[in-house]
Every structure is written in structure tokens, then in C-alpha cells.
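> structure for the following, please:
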Amino acid sequence: MKIRLFTLPNLLTLSNLLCGTIATAVVFTRGDLRLAFWLLVLAAVFDFFDGFTARLLRQSSPIGLQLDSLADMVSSGVAPAAILLTLAWQADTAWWAADTHGLWSWGALLLAVGTALRLAKFNVDDSQRTEFCGLPSPAAGLFCASLGLLRAEGLLALPYEAVLLAAVAAAWLMISPIRMFALKFHGFGWADNRLRYLFLGTCVVLIFCLRAYAIPAIIVLYVAVSLVRWLVQGRRATEA
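Below is the predicted model of the structure:
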């Protein structure tokens, strides 16, 4: 069987990978958290359009699926973890970690561990085609990257503990059992997409009102809405 590597969807996926790789290099060599954030936003755009293009051109393949996970591991796991690690290094060391010479800061890399587990689980779980089990890795990655942007803009100074908490929380949410709604539209009718339309409309409002704070606010809103929806659905199933 002939395997086609350089299809348009795969090239978009590779662009996602390159953006994540460059973002990681930029963080460690230049400490440029602002540029790293925008590179990861671009990576997320490529990540969205590779699947869209594959479906449109009917070029979906097992190679594309594996390549997508490998690219997401870098752009949603390694690069955001590098950003959190840099934030931990820049923060004032907490009193309880003062004698460890920054050893606890490496806990930020738990984000990469959570991302790997999340992607591996997604690849073998057929129940995640219409909704997600756990926070999607691109959302977790963008949340952590946005903290770097806010730090670079002088809008947020996270203490040492908060950086580690963000890494642990994002890693746990990715592998949690919480069912989270997907933003993939199957038709454009209101009845089947009510939640998606309302969420996207709210996102637009948050972007105009909060500007740089919008990304973390949107991710927190997404998790909160998904959690409430999951709990309500679970209660209904129990009552039925």
C-alpha cells in the first residue's frame, strides 16, 4: 500500500509542529513569551484546519491521525510546559521551596506528561468523536501559554505556587473523566448546536471586553460549562 506523506492536511499538521518547536526554542533561547504565545495560536489554527481540510478533501488517513498527535504533543504539551517552566523560574521562590534551588519548578513539566496521556487516550477512545473526555490538549496549552502572554505584557505576575498549580490543574483536567462538548458543527441548525452558538457568542463578547485576559477566561468558562453539563447529564441518567 502506497503511503502519501505530503498531502495538504499533513503539511498543515507539520506547520502546527513547526510552530510548537519554534515556540519552545524562542522561550528557552530568548525568553520571548509574547512571541511564543502567538506561535502557539498559529499552531492551533493549523491544528483546526488540518482536520477540516482532510475531511473536505477526503484525505483522512491513519498516518494523518498519528502525525496530528505527535504535532499536538509539541505545540500543546512541550511548548506550553516550557512557558510554565520559564514563569516558575521568573517567579519569586516560595518559602517552602527556597532550600531546593528551584527543584520544584520542574513540576511545570507535568503539563507535558498530562498532554501525552491525554493524546494517547484520545487515540484509542472511540467515544470522543462527538464530545471529549477531559480537556482537549490545545485548550490546555493555550491557557498556559496565555499566562505567559499576560506576564510579558505586565498584566499578571503569578507567584511560584500559582504556576505549579496551573500545570497540575491543566494536566489533571486533560485526563479527567469530565465530558466536554466539542465545537465541531454537524449541520448549522439551532436545535443541535444551541450550546455551541451560545458559547461562541460569549467568546466574542469576552474578547472585546477582556482583550488579553480573554483566552484564560474562555478556557475557564469552557471547563465550567462542560462540568455543569456533565453533572446534569449524569443526574438525568441516574434518574432515568
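
> make it CA atoms for all contacts and neighbour counts henceforth
OK.

> can you count the residues close to the nearest residue to Ser15 once chain neighbours are set aside?
By the measure of C-alpha to C-alpha, 6 or more residues apart in numbering, the closest residue to Ser15 outside its immediate chain neighbours is Phe46, 6.6 Å from it. Neighbour count of Phe46, defined by other C-alpha atoms under 10 Å: 21.

> mean confidence for whichever strand or helix holds Phe46?
Using DSSP states H and E, Phe46 maps to helix 33-57. Over the span of helix 33-57, the pLDDT mean works out to 91.

> isn't the residue nearest to Ser15 right up against Asn10?
No: using C-alpha atoms under 8 Å, Phe46 makes no contact with Asn10, being 10.1 Å away.

> before we move on, back to that, distance-wise, check the residue nearest to Ser15 relative to Glu153.
Taking C-alpha to C-alpha, to the nearest Å as the measure, Phe46 and Glu153 are separated by 25 Å.

> ok, Ala145 next?
Between Ala145 and Glu153 the distance, using C-alpha to C-alpha, works out to 13 Å.

> ok, Ile22 next?
If you measure Ile22 against Glu153 using C-alpha to C-alpha, the figure is 20 Å.

> between the two, which is the more surrounded one?
Taking Ile22 and Glu153 together and counting by other C-alpha under 10 Å, Ile22 has the greater number of neighbours (17 against 13).

> contacts only, for the more buried one.
36, 39 (C-alpha atoms under 8 Å, 6 or more residues apart in numbering).

> who are the contact partners of Leu173?
For Leu173, the contact set (C-alpha under 8 Å, 6+ apart) comprises 134-135.

> the helix or strand harbouring it: which residues count as buried?
For Leu173, the host element (DSSP H and E) is helix 160-175. Using 16 or more other C-alpha atoms under 10 Å as the burial criterion, the residues of helix 160-175 that qualify are 160-161, 163-164, 166-168, 170-175.

> what is the lowest-pLDDT residue among those residues?
Ranked by pLDDT, the buried residues of helix 160-175 bottom out at Tyr160, which scores 85.

> can you list the low-confidence ranges for this structure?
Within the chain, the ranges that satisfy pLDDT under 70 run 1-2, 93-102, 185-187, 237-240.

> which residues in it form strands?
According to DSSP state E, the chain carries its strands in the segments 131-133, 179-181.

> what pairs with the last one, and is each one parallel or antiparallel?
The one in question is strand 179-181. Looking at strand 179-181 with DSSP bridges, its paired strands and their directions are strand 131-133 (antiparallel).
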